[in-house]
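[1] Would you be able to build a 3D model of this:
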Amino acid sequence: FGRGEGWVLYLNLTRFIAGAGIGGEYAAINSAIDELIPARFRGRVDIAVNGTYWAGAFLASVLTLAVIKHLPVAYSWRIGFLFGPVLGLVILFVRRNLPESPRWLVMHGRVDEAEAAVAHIEEMTRQSGGTLDPVDESKAIDILPADRVGYWTLTKTLFRRYPSRSILGASLMITQSFLYNAIFFTYSLVLTKIYGVPDGNTAYYFMAFALGNLAGPLVLGHLFDTIGRRAMITGTYLIAGIGLAVSALLFHEGQLTALTQTICWCFIFFFASAGASAAYLTVSEIFPVEVRAKAIAVFFAIAQCFGSFGPWFYGKLIGNTSGQSADFLEHHSKLWIGYLIGAAVMIAGALVELALGVNAEGRSLEDVARPLSSIDLPDEPGGLLSSPTGAPRPPIA
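    Below you'll find the model as predicted:
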């Protein structure tokens, strides 16, 4: 491979495309989960699936130790990049078995296909020994199908109809993104520059860190459906913030080693990971079905813009000094303040959730946020999407 500027641009372009795909994936998978999973299980499933990000991070660390570490430097990073496309090809085959959302089909006027999808789901439920409760007729609503929902409708929905929910979604996403980007993407610098861990051994610490993040959503996920969204999101954000503040004080006093620092962060992110996954759950279920995926995408993009500031900021605080020298506290006094800032950010997210949180557990998506194209919206008999262009509308679904 060449080493000229053209190859650098090519590498950046392909990374951009990969990043765009990952960002779109968050919108797609969270929408699919919410629209296909029963309400009483929606929280734990969504949180668990989002948490499996850390299963991938753990696998990447294992591959680094087992394969990449033993390859020449000129090829190792290229081999590492190739693992991603291989997994992507697997996903292409898995997605062929993913059913289309009946809600999405109804919203686009494809009522017969929606009925067939529901009938198939009900039949599979019966065959597996499950039971189906009768549907309360009072839950019936009439929908005027809308082929396309533009960003103007999205803007009106977010900032006119649901301003407090928009503040909630943005706050949860920004705070968790800042914390994760700040800590995770500078973790290697902390281990090598401050604790003197050899570069080749950092993967062992990442494995422990990833396991702590993976365990949180899997262990705590069901509580978001039983105890409730508001209590659990507030609690996980608050515990993570307080835990980070305590570890910052211990770091400032020079009481931590690479091992104990990792243990502290495993405890902190056990809770933070569940809360962060619940942030994606929140923005995916508190807005109407027509704009759900776009709302996820918007808040994800906003969060990443703020979160990208974290690695740069904390990298500056870490500086260029290495090892715990006699002037350790002087050289790294700024970093512990940075950790306190991260703690404050998470605590702020907890307070916003406490004030504005939506109790969505056990409720259908239509009860949490009525469809925009519903023809019997309060104070708007025609709904936001009843006649956006004045053109004839499809039959009611």
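
[2] Skip ahead from the helix or strand of the chain with the lowest mean pLDDT and say which helix or strand is next.
    When the helices and strands of the chain are scored by mean pLDDT, DSSP states H and E, helix 328-331 comes last with a mean of 51. Going down the chain from helix 328-331, the next helix or strand is helix 333-356, by DSSP states H and E.

[3] for whichever strand or helix holds A170, what is the average pLDDT?
    A170 belongs to helix 163-184 when assigned by DSSP H and E. What helix 163-184 shows for mean pLDDT is 89.

[4] Quick one: mean pLDDT for the next helix or strand after that helix?
    Per DSSP H and E, the first helix or strand lying C-terminal to helix 163-184 is helix 187-189. The average of the pLDDT scores along helix 187-189 is 84.

[5] any idea of the angle whichever helix or strand comes after helix 187-189 forms with helix 163-184?
    Once the chain leaves helix 187-189, the next helix or strand it forms, by DSSP H and E, is helix 202-220. Helix 202-220 runs at 150 degrees relative to helix 163-184, counting by axes from the mean of the first three to the mean of the last three CA atoms, to 10 degrees.

[6] Now do the buried residues in the helix ranked longest in the chain.
    Using DSSP state H, we find that the single longest helix of the chain is helix 5-36. Under the neighbour-count criterion of 16 or more other CB atoms under 10 Å, helix 5-36 has 26-27, 29-36 buried. Bear in mind the C-beta positions are built from the backbone N, C-alpha and C, glycine included.

[7] what helices or strands is the helix holding A170 leaning on?
    Using 3 or more CB pairs under 8 Å, 6 or more residues apart in numbering; DSSP states H and E, the elements in contact with helix 163-184 are helix 229-252, helix 258-285, helix 292-307, helix 309-318, helix 333-356.

[8] Single out the most deeply packed of those.
    Per-stretch averages of neighbours, counted by mean count of other CB atoms under 10 Å, single out helix 258-285 among the helices and strands packed on helix 163-184, with a mean of 24.

[9] just the angle between it and helix 5-36, please?
    Using the same axes, to 10 degrees: helix 258-285 against helix 5-36 is 60 degrees.

[10] Tell me the helices and strands packed up against helix 258-285.
    Applying 3+ CB pairs under 8 Å, 6+ apart, one finds that helix 258-285 contacts helix 5-36, helix 39-51, helix 163-184, helix 202-220, helix 223-226, helix 229-252, helix 292-307.

[11] quick one, which of those is nearest to L340?
    Across the helices and strands packed on helix 258-285, L340 has its closest neighbour in helix 229-252 (5.0 Å, CB to CB).

[12] nearest to V111, of the helices and strands packed on helix 258-285?
    Going by CB to CB, the one of the helices and strands packed on helix 258-285 nearest V111 is helix 5-36, 15.9 Å.

[13] Which strands and helices lie in contact with that closest one?
    Judged by 3+ CB pairs under 8 Å, 6+ apart, helix 5-36 is in contact with helix 39-51, helix 102-107, helix 258-285, helix 292-307.

[14] Distance from the first one to the middle of the chain?
    In terms of CA atoms, centre = their mean, to the nearest Å, the centre of helix 39-51 is found 12 Å from the chain centre.

[15] okay if I get the helices and strands packed on helix 5-36 as JSON lines plus mean pLDDT?
    Shown next, in JSON lines, are the helices and strands packed on helix 5-36 (pLDDT from 0 to 100):
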{"stretch": "helix 39-51", "mean pLDDT": "91"}
{"stretch": "helix 102-107", "mean pLDDT": "83"}
{"stretch": "helix 258-285", "mean pLDDT": "93"}
{"stretch": "helix 292-307", "mean pLDDT": "84"}
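
[16] what about those, which gets the closest to E353?
    Here helix 258-285 is closest among these (CB to CB), at 8.2 Å.

[17] okay, the angle between that closest one and helix 229-252?
    Put simply, helix 258-285 runs at 160 degrees to helix 229-252, going by the same axes, to 10 degrees.
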